[in-house]
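K.L.:
Okay, sequence plus prediction incoming.
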Amino acid sequence: MVLKPASNKRWRLAGPACSAVVLTCALSAAAGEKALPPPEETEVWQPVPPKVDAPANGVPSDATVLFAGTDTDAWERVDASEKPDPGKTEGGRPIRWKVVDGALVVTPGSGDIRTREVFGDVQLHLEFRTLAQPKGEGQGASNSGVFLMERYELQVLDSYRNTTYVNGQAASVYKQYPPLVNASRPPGEWQSYDVLFLAPRFAADGSVLAPARMTVLHNGVLVQHDVALRGPTVYQGQPRYEAHAAQLPLRLQDHGDQVAFRNIWVRAIARPVTK
């Protein structure tokens with residue numbers, strides 16, 4: 001072996017010994033590559049995901065359409081004094097909200113409405129429109145709400161230039177989480193909510209195994225990112241979970257303002273299977 005000074009005045013290997021080192025490194029690298037499993041070992045072929053047609057600006061083919069502009073048969077009336085009751089439909093009382101130019105409009109004082117069908121984990125899409133000429137301010141400006149499982153409220157409000165408590169403005173999880181940003185459009189313009197909702201899980205003794213979770217896009221902008229709900233929506237005090245059915249209706253609120261809704265659909269979703 002011959003030692004020669006390098007340009008930086010340190011010594012370097014030269015000749016056959018250097019070649020041996022390079023060969024050893026090359027063999028080690030080749031051995032490492034051979035130790036990797038074949039790519040087929042990490043390829044999953046079954047089950048094949050079901051095909052869903054997803055037309056541009058349309059409704060996915062596997063969605064349940066709740067309102068498409070005319071038919072209100074998917075909904076029933078809820079009396080203002082009635083509390084959420086799993087599976088109770090009261091024979092499907094007709095709603096008193098009006099259909100106007102393809103929109104479902106709140107009739108103030110007629111009561112909330114809820115779906116006849118029940119849901120658990122869902123992807124929800126709906127569009128809403130606040131009053132073009134606001135009548136009030138704060139919580140009095142085009143107030144309504146979307147209640148997942150009749151309990152967990154996503155606030156509807158005119159929040160374009162309307163000041164109120166931030167966990168009560170549009171796109172808040174009411175009294176729990178303010179939106180990350182205010183993506184509200186001017187009064188009278190149509191707006192959209194796209195919601196991913198995971199229902200809470202309860203143990204046999206009623207304790208919470210997993211809280212409800214919600215992700216929301218308001219007009220295409222992320223405003224709630226996988227937030228863990230502390231319990232059902234309450235106006236006063238702190239939320240507290242009570243065990244309930246795994247599937248319950250979707251509910252829209254009559255808060256005394258003529259808020260309009262359209263293009264309402266839901267898709268049942270399943271949590272990823274992990275091994």
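P.N.:
Arrived safely. Residues are numbered from 1 along each chain as shown.

K.L.:
can we go C-alpha only for contacts and neighbour counts from here?
P.N.:
OK.

K.L.:
Determine the number of other residues adjacent to M214.
P.N.:
23 (other C-alpha atoms under 10 Å).

K.L.:
ugh, wrong one, I meant A210
P.N.:
14.

K.L.:
was I right about it contacting F202?
P.N.:
Yes - using C-alpha atoms under 8 Å, A210 is in contact with F202, at 7.0 Å.

K.L.:
Sketch out the low-pLDDT regions of this structure for me.
P.N.:
1-33, 80-91, 271-275 (pLDDT under 70).

K.L.:
Which residue lies nearest the spatial centre of it?
P.N.:
L196 (2.1 Å; C-alpha atoms, centre = their mean).

K.L.:
just so I have it, where are all the helices in the stretch 1-150 of the chain?
P.N.:
16-35 (DSSP state H, counting those that start in this stretch).

K.L.:
circling back to that earlier point, got phi/psi on the residue nearest to the centre of the chain?
P.N.:
L196 adopts backbone torsions of phi -110, psi 120, taken as degrees, to the nearest 10.

K.L.:
What is the burial count for the closest residue to it other than its chain neighbours?
P.N.:
Distance criterion C-alpha to C-alpha, 6 or more residues apart in numbering; nearest residue to L196, sequence neighbours excluded, is Q123 at 4.7 Å. Residues lying near Q123 (other C-alpha under 10 Å) number 19.

K.L.:
element containing A183, please.
P.N.:
Per DSSP states H and E, A183 falls between elements, in no helix or strand.

K.L.:
I'd say it and N219 touch.
P.N.:
Yes - with contact defined as C-alpha under 8 Å, A183 counts as touching N219 (6.7 Å).

K.L.:
Might one say that the residue nearest to the centre of the chain is in contact with H125?
P.N.:
No - L196 lies out of contact with H125 (C-alpha under 8 Å); the separation is 9.1 Å.

K.L.:
Correct me if wrong, but A171 is in a helix.
P.N.:
No - A171: not assigned to a helix; according to DSSP: H, G, I helix; E, B strand; the rest coil it is coil.

K.L.:
Contact partners for it?
P.N.:
154-156, 178-179, 182, 216, 218, 223-224 (C-alpha atoms under 8 Å, 6 or more residues apart in numbering).

K.L.:
I appreciate the help and will end here.
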